[in-house]
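Q: just the structure for this:
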Amino acid sequence: MKEKKSDIKMKKPEILSPAGNIEKLKFAFAYGADAVYAAGKNFSLRNFSGNFDDKGLKEAVEYTHSINKKIYITVNIFPHNRDIDGIKEHLKFLYTIKPDGIIISDLGIFAMAKKEAPGIPLHISVQSNNLNYMEVNEWYDLGAKRIVLARELSFEEIKEIREKCPQMELEVFVHGAICMSYSGRCMLSDYMTGRGANQGECAQSCRWSYELTEEKRPGEKMPVEEDERGTYIFNSKDLKTINYIQEFIKIGIDSFKIEGRMKSLHYAAVTAAVYHKASENFIKNPDGYLPDPKLDAELNNISHREYTEGFYFGKAKDIQQSFKSSDYMSDSVYMGHINAVQDNNTYKILAKNTIKIGNELEIFTPAAHSIKTTVLSIKENDGTEITHTKGEREYYIKFEMKETADTFSIIRKNADDKR
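A: Model prediction:
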C-alpha cells in the first residue's frame with residue numbers, strides 16, 4: 001500500500017536565529033526560536049554586531065538553558081598564525097560555560113576545539129563551502145555533529161546530501177542577507193578598505209555602486225542598469241524561502257538558519273515568528289498545507305533589500321543581484337516594544353522612535369498576531385502626561401484596543417504614515 005504524505009512522520013526543524021546581543025537573544029526566543037547563534041568579541045565573522053564579552057556569553061548561555069533552549073557560539077574566522085593563541089584561550093573559556101555547539105570554519109581550529117572543549121558539539125560553518133555528500137561524510141567521520149550547507153546548492157543537491165548523509169545534522173540558511181562571493185569567501189572588502197571579510201570585518205564593499213567597462217562577451221549579455229549614482233552589479237538581494245520551507249521539512253533538514261546578527265530586534269522577532277509559524281502549520285497539516293500569504297507579507301515589515309529565492313530552486317528563476325540600489329526597505333517603522341503589561345489597556349513601552357497621541361499603530365505579538373490600535377495617552381514614569389515620547393526610554397502608554405498584548409510585543413507604524 002502506498003504511503004500517504006500524512007503517514008510520514010516529519011520532525012519540525014529547529015528555528016535558529018541570530019543574537020547580536022542579549023536583548024535580541026531574548027526577543028528571538030520569545031517569538032519562537034528554538035536556538036540562537038552568537039559570538040564573543042573576537043574570532044567570528046560579524047565583529048561589528050555588538051556581540052558578547054565573556055561575562056555576557058556566560059549570561060547568554062545560562063539564560064538560554066534556563067528556558068530549555070539552545071545556543072551555539074561562532075568561532076568561524078579564517079585564522080592567521082597570530083590568532084591561534086587567542087582562539088585556544090577562547091575555546092577553553094567556552095568549555096567552562098558549556099554552549100550547545102561551536103560553529104567553526106577552519107580544520108585546525110576544529111582539531112583544537114576537540115582538545116580544548118571536549119564534549120561540546122562542533123558545527124561546520126557555511127564558510128567551509130560544504131557542497132557535496134563526500135565532504136559532509138568526511139566531516140562526520142572527523143567528529144562534526146552538524147554542517148551548514150553552502151547557499152549555492154540547489155534543492156535537489158541538498159536532497160541527495162540528506163539521503164547519503166543520514167547521520168549528519170543538516171542546517172540551511174532560509175532567510176537574510178547573502179553574499180555575492182562564493183559562500184562568503186570574499187576578498188573585495190580587504191582589497192578596497194583593508195578590512196578582511198574572513199576576519200569578521202567586512203565593509204560590504206559589494207553594496208557600493210560601480211561602473212562596468214567591458215569590450216565584448218560573445219553570445220552572452222550581462223544585464224546592467226544604472227542611475228545617476230552608478231550601478232550595483234555586486235549587490236546581492238536578500239534570501240527569502242518562506243514559501244518553500246515545506247520542501248526542506250519533507251526531506252528532513254534539521255535546522256533553519258536566519259542570517260542577521262547585525263539586524264534589529266524587530267528583525268530577530270519577526271523572522272523567528274514567521275518561520276516558526278509556517279513550519280508549525282505544515283507539520284500540523286502536511287496534506288492540506290498552503291503557504292500563508294500573510295506570513296510572506298509580514299517579512300516586508302522588517303528592514304530588507306529586494307528578496308530572492310537564491311539558488312535553491314533554479315538559477316534561472318530570478319536574478320540574484322539588485323542593480324538599482326543597496327538601500328534597505330520596509331513597510332513599517334519599528335517604534336518600540338512592550339516591557340510590561342499594566343491594566344486598562346496601558347503598557348510600559350520602551351520607545352525607540354517618537355510616539356504621539358493619536359498615532360494609529362500596530363502591535364505585533366509573539367504569537368505572530370497583529371493588533372490595530374490608537375494611542376490615547378502617554379505618561380512619564382512619574383505620571384506626568386505628555387503629548388509624545390521624548391527619547392529612547394520607558395513610558396506608560398494607553399491604547400484603544402479590543403485585544404490585549406503581551407510582554408515582548410512589537411509596536412510599529414506604517415512606513416507611509418508621516419505623522
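Q: just confirm residue 88 contacts residue 111, I think it does.
A: No: using C-beta atoms under 8 Å, residue 88 is not in contact with residue 111, being 11.2 Å away. All C-beta spots, glycine's among them, are computed from the backbone N, C-alpha and C.
Q: what strand or helix carries residue 91?
A: Here residue 91 sits within helix 84-97, counting by DSSP states H and E.
Q: doesn't residue 170 fall inside a strand?
A: Yes: counting by DSSP: H, G, I helix; E, B strand; the rest coil, residue 170 is found in a strand.
Q: now residue 136, what's its secondary structure?
A: Of the three states, residue 136 takes helix under three-state DSSP.
Q: burial measure for it, as a count.
A: A count of nearby residues for residue 136, using other C-beta atoms under 10 Å, gives 22.
Q: what residues are up against it?
A: Neighbouring residues of residue 136 by C-beta atoms under 8 Å, 6 or more residues apart in numbering: 130, 147, 161, 165, 168, 170.
Q: least confident pick among those residues?
A: Lowest in pLDDT among the contacts of residue 136 is residue 130, which has 92.
Q: correct me, but that one touches residue 124?
A: Yes: taking contacts as C-beta under 8 Å, residue 130 lies within contact range of residue 124: 6.2 Å.
Q: rewinding a little: now distance to residue 76 and neighbour count too, for the contacts of residue 136, in JSON lines please.
A: Shown next, in JSON lines, are the contacts of residue 136 (distance: C-beta to C-beta, whole Å; neighbours: other C-beta atoms under 10 Å):
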{"residue": "130", "distance to residue 76": "12", "neighbour count": "23"}
{"residue": "147", "distance to residue 76": "13", "neighbour count": "25"}
{"residue": "161", "distance to residue 76": "20", "neighbour count": "23"}
{"residue": "165", "distance to residue 76": "21", "neighbour count": "19"}
{"residue": "168", "distance to residue 76": "18", "neighbour count": "22"}
{"residue": "170", "distance to residue 76": "17", "neighbour count": "22"}
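Q: low pLDDT regions in this protein?
A: Counting by pLDDT under 70, the chain contains low-confidence ranges at 1-9, 44-50, 180-235, 314-328.
Q: can I see the domain layout of it?
A: Using automatic domain parsing, the domain parsing of the chain gives 5-184+235-308, 333-414.
Q: what about the last one, start to end distance?
A: This stretch, domain 333-414, spans 6 Å end to end (C-alpha to C-alpha, to the nearest Å).
Q: same thing with stretch 385-403?
A: Termini of stretch 385-403 sit 24 Å apart (C-alpha to C-alpha).
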